[in-house]
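**Q** predicted structure and sequence below. I'll ask about it afterward.
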Amino acid sequence: MSDVDKRLTIIYGDTPKEMTAKLLEAVDMKSLIKKGASARIGIKPNLVNATPPEKGATTHPEIVEAVILYLQASGFRDIVILEGSWVGANTQTAFRTLGYDRLAETYGVRLLDTKRDAFVQKSYNGITMEISKTALELDFLIDIPVLKGHCQTLVTGALKNLKGIISDREKRHFHTLGLHKPIACLNRIISADFSIVDGICGDLDFEEGGNPVQMNRIFGGTDPVLVDAYIAQTMGYRPEEIGYLKLSADYGVGSADLSGAEIVELNKDTGKVKDSPSRIVKELSAYTAAEDACSACFANLIQALMRLKDEGGLARFGENKIAIGQGYRGKSLSCPGIGNCTSEFASHVSGCPPHTPEILDYLSYY
């Protein structure tokens with residue numbers, strides 16, 4: 001595994017287009033495209049349905065726009081945006097509603113509904129599947145999933161997002177097989193060359209959206225398994241708890257070992273938490289006392305509280321609120337504190353921001 005494959009690069013903020021441009025420059029993505037200007041490049045967003053990205057289900061089109069601008073400025077011209085929404089949803093409607101058709105027209109790139117593509121049968125480890133012919137012919141695949149939960153697989157990210165390049169019949173087949181093994185097999189046949197995770201806002205536990213958490217981050221890397229391991233960690237899970245993630249590592253798609261990863265943060269989050277329309281976020285926020293909290297730190301706390309809720313561990317806090325935010329700098333309180341801003345507290349978890357598993361461990365034993 002090369003040093004590049006071990007690296008995850010993160011940028012915080014709430015301006016997806018500008019953030020993506022800075023991320024791509026920082027990782028020098030054009031140097032990863034070995035075939036040069038003649039390369040056939042695919043961009044695979046997550047358009048599970050026609051839900052606006054603010055609902056926490058779909059990829060912000062500004063991220064895709066920034067990728068196109070970067071590629072074209074680097075001399076690449078053969079670019080296709082390809083996606084097939086989930087079974088029962090119309091990809092063309094998603095393209096129109098979310099502005100991807102206008103994006104393709106403005107920049108002169110192709111837009112492909114993979115449901116209408118020809119399919120090629122490929123097999124791995126006893127599973128045969130139908131995969132988009134166009135996807136298989138690409139020289140470089142850029143995967144842009146949304147950081148969010150899933151009702152069956154707990155999380156969904158770079159690896160699972162490739163379900164959008166298989167036929168609807170195959171999507172149904174994947175579900176009959178339990179999702180985990182076929183997703184890992186699919187990524188053994190074809191996997192992303194670079195993954196950019198849309199972590200601006202994502203749903204806590206359902207891939208169709210509806211309970212988004214403001215997370216204000218975008219991150220990326222060349223190893224989709226490592227990327228998804230980081231997604232799992234961000235949502236408070238151990239990578240080994242995610243079946244398709246463990247299998248993908250076992251099949252040699254990549255590494256799920258975050259302990260050996262190089263995490264590069266291009267900046268620190270300074271964006272303030274916005275009022276959320278999400279019912280679950282409002283419910284979990286009732287356990288917090290936020291004073292000028294940064295969005296990334298608060299999002300990690302909400303993810304940890306969601307895991308505690310799943311485990312029935314929230315009741316222990318009662319009226320004892322969990323303090324978070326810059327407003328607590330220099331203060332000494334006895335309640336639990338989250339982040340370096342609460343370093344003067346009798347008890348706190350350090351970090352700027354602390355990771356979700358660290359918050360979860362701290363709150364579990366508080």
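**A** All right, it came through fine. Residues are numbered from 1 along each chain as shown.

**Q** can we go C-alpha only for contacts and neighbour counts from here?
**A** Will do.

**Q** low-scoring stretches of the stretch 151-300 of the chain, by residue?
**A** 206, 276-277 (pLDDT under 70).

**Q** could you pull out the strands in it for me?
**A** For the stretch 151-300 of the chain, strands defined by DSSP state E, counting those that start in this stretch occupy the ranges 154-156, 194-203, 212-221, 262-265, 288-290.

**Q** ok, the first one: who's next to it in the sheet?
**A** I take that to be strand 154-156. Within its sheet, and counting by DSSP bridges, strand 154-156 is paired with strand 148-150 (antiparallel).

**Q** how far does the partner strand sit from its chain's centre?
**A** Here strand 148-150 is found 9 Å from its chain centre; the criterion is Cα atoms, centre = their mean, to the nearest Å.

**Q** contacting residues around it?
**A** Strand 148-150 is contacted by residues 56-57, 155-157, 202-207, 235 when judged by Cα atoms under 8 Å, 6 or more residues apart in numbering.

**Q** how about the contacts made by Leu245?
**A** 159, 180, 184, 225, 228-229, 239, 256.

**Q** could you dump the strands of the stretch 151-300 of the chain to JSON lines with mean neighbour count?
**A** Converted to JSON lines, the strands of the stretch 151-300 of the chain look like this (neighbours: other Cα atoms under 10 Å):
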{"stretch": "strand 154-156", "mean neighbour count": "23"}
{"stretch": "strand 194-203", "mean neighbour count": "28"}
{"stretch": "strand 212-221", "mean neighbour count": "26"}
{"stretch": "strand 262-265", "mean neighbour count": "14"}
{"stretch": "strand 288-290", "mean neighbour count": "19"}
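
**Q** thinking again about what came up before, most neighbours among the contacts of Leu245, please name it.
**A** Ranked by neighbour count (other Cα atoms under 10 Å), the contacts of Leu245 have Val225 at the top, with 31 neighbours.

**Q** correct me, but that one touches Ala249?
**A** Yes - counting by Cα atoms under 8 Å, Val225 touches Ala249, with 6.7 Å between them.

**Q** which neighbours do these two share?
**A** Contacts common to Val225 and Ala249, judged by Cα under 8 Å, 6+ apart, are 255-256.

**Q** quick check: Ile280 vs Gly325, distance?
**A** From Ile280 over to Gly325 the distance is 20 Å, taken as Cα to Cα, to the nearest Å.

**Q** between those two, who's got more neighbours?
**A** Counted by other Cα under 10 Å, Ile280 and Gly325 do not tie: Gly325 has more neighbours, with 23 against 18.

**Q** got the contact list for the residue lying closest to that one once chain neighbours are set aside?
**A** Distances taken as Cα to Cα, 6 or more residues apart in numbering place Ala293 nearest to Gly325, at 3.6 Å, with adjacent residues excluded. By Cα under 8 Å, 6+ apart, the contact set of Ala293 is 272-273, 324-327.

**Q** among those residues, which one has the most neighbours?
**A** Ile324 (26 neighbours).

**Q** can you show me the helices along the protein?
**A** Here the chain has its helices, by DSSP state H, at 16-27, 61-73, 91-97, 100-107, 133-136, 158-161, 168-176, 180-189, 224-234, 243-250, 279-285, 295-310, 356-365.

**Q** now tabulate the ones you listed in CSV and tack on distance to Ile142.
**A** Converted to CSV, the helices of the chain look like this (distance: least, Cα to Cα, whole Å):
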stretch, distance to Ile142
helix 16-27, 11
helix 61-73, 9
helix 91-97, 18
helix 100-107, 16
helix 133-136, 11
helix 158-161, 10
helix 168-176, 21
helix 180-189, 13
helix 224-234, 10
helix 243-250, 18
helix 279-285, 31
helix 295-310, 25
helix 356-365, 27
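
**Q** of those helices, which is nearest Phe119?
**A** helix 133-136 (5.1 Å; Cα to Cα).

**Q** Leu136 is in contact with Ile190, correct?
**A** Yes - between Ile190 and Leu136 there is a contact under Cα under 8 Å: 7.1 Å.

**Q** what's around the residue nearest to Val87 when sequence neighbours are not counted, how many residues?
**A** Distances taken as Cα to Cα, 6+ apart place Asp168 nearest to Val87, at 5.7 Å, with adjacent residues excluded. Residues near Asp168, counting by other Cα under 10 Å, number 19.

**Q** surely Asp168 touches Asp113?
**A** No - counting by Cα under 8 Å, Asp168 does not reach Asp113; the two are 11.7 Å apart.

**Q** still on that earlier bit, closest one to Ser85 among the helices of the chain?
**A** Taking Cα to Cα, helix 91-97 is the member of those nearest to Ser85, at 5.0 Å.

**Q** report the buried residues of the closest one.
**A** Across helix 91-97, burial judged by 16 or more other Cα atoms under 10 Å covers 91-92, 94-95.

**Q** need the contact list for the residue nearest to Asn211 when sequence neighbours are not counted.
**A** With sequence-adjacent residues excluded and distances taken as Cα to Cα, 6+ apart, Asn211 is closest to Ser278, at 4.5 Å. By Cα under 8 Å, 6+ apart, the residues touching Ser278 are 210-213.

**Q** got it, and Pro212?
**A** 54-56, 201-204, 276, 278, 281.

**Q** would you mind giving those as CSV with distance to Gly99 added?
**A** As requested, those are exported to CSV (distance: Cα to Cα, whole Å):
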residue, distance to Gly99
Glu54, 14
Lys55, 16
Gly56, 16
Cys201, 18
Gly202, 19
Asp203, 21
Leu204, 25
Ser276, 24
Ser278, 24
Val281, 28
